[in-house]
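>>> fold the stuff below for me.
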Amino acid sequence: MKLTIFSATGGVGRHVLEQAQTAGHQVTAAVRSPTKLPPDTKSVRVDLAAPDGRALQEAVRGADAVLSCLGRRTSADSGITSRGTRAIVEAMQAVGTRRLIVISASPVSTTPSPGRPHPPRMDPGEGPLQRYLLTPLIKLVLARTVYLDLARMEDILRASDLDWTIIRPPRLTNGPPTGVYRTAFGQNLRRGLSISRADLADFMLRALDQPSTVRQAVGIAY
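Residues are numbered from 1 along each chain as shown. Presented below is the predicted three-dimensional model:
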């Protein structure tokens, strides 16, 4: 399969890149700094902080699927996930590429956004500890920055005609890949407190062969 991976040098992206190459996919890495990539990796230089439509179209042209690991790394990147995703969506629509898989976050299931001003007050998959303590505490710190940006990104996808999949992980760790984790459509997972970046990457690639994930938000956790 021909894949384009955005942010392939980041915490999750490097796992997606490595696993995709190991699985024999034809990969194009769309990154800001190609020099950070492993040798012999096909790449296109793109800067999603200041998107160039032509460069993005070149990156996604001919791809069977696009996997975006875009996310904020510093406070200077505020808003980059929604802005960058909008640019990716527009480029894909321009060249006829349809399949897109992105990373969001579990608290976004209950985060209001312009396109979804009245989300569920409580996520149906969460237990009392998550619902009444952990999620509210996390959102108290990040709701107006990280999660609002991710919620806006989800709005962009829902308004598009692409075959998207949104993956909503909880806390990310640097643990090894196990291939053993739980998923749920449209909700988070009870006692689902973490997932490794390597296993998140594994599911992003597995979802390529799962038509049931198209136009779905999928919770994932151990």
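>>> C-alpha from now on. contacts and neighbour counts both.
OK.
>>> beyond the least confident helix or strand in the chain by mean pLDDT, next helix or strand please.
Least confident element among the helices and strands of the chain, by mean pLDDT, DSSP states H and E: helix 135-142 (a mean of 67). The element immediately downstream of helix 135-142 (helix or strand, assigned by DSSP states H and E) is helix 148-159.
>>> average pLDDT across that next one?
Averaged across helix 148-159, pLDDT comes to 97.
>>> how about the strands in this protein?
Assigned by DSSP state E, the chain shows strands spanning 2-6, 26-31, 43-45, 65-68, 99-103, 163-168, 171-173, 182-185, 194-196, 216-221.
>>> now those as CSV including mean pLDDT, mean neighbour count and distance to A20?
Formatted as CSV, these follow (pLDDT from 0 to 100; neighbours: other Cα atoms under 10 Å; distance: least, Cα to Cα, whole Å):
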stretch, mean pLDDT, mean neighbour count, distance to A20
strand 2-6, 98, 25, 8
strand 26-31, 97, 22, 7
strand 43-45, 94, 19, 14
strand 65-68, 98, 25, 11
strand 99-103, 98, 23, 14
strand 163-168, 98, 24, 17
strand 171-173, 96, 15, 20
strand 182-185, 98, 16, 21
strand 194-196, 97, 20, 17
strand 216-221, 98, 23, 20
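>>> now the farthest one out in the chain, which residue is it?
P128 (26.5 Å; Cα atoms, centre = their mean).
>>> can you pull the pLDDT of that one?
For P128, the model assigns a pLDDT of 81.
>>> again, but for G125
At G125, the model reports a pLDDT of 88.
>>> thought it was touching R191?
No. G125 is not in contact with R191 according to Cα atoms under 8 Å; the separation is 9.1 Å.
>>> settle it for me: which of the two has more neighbours?
G125 (18 against 14; other Cα atoms under 10 Å).
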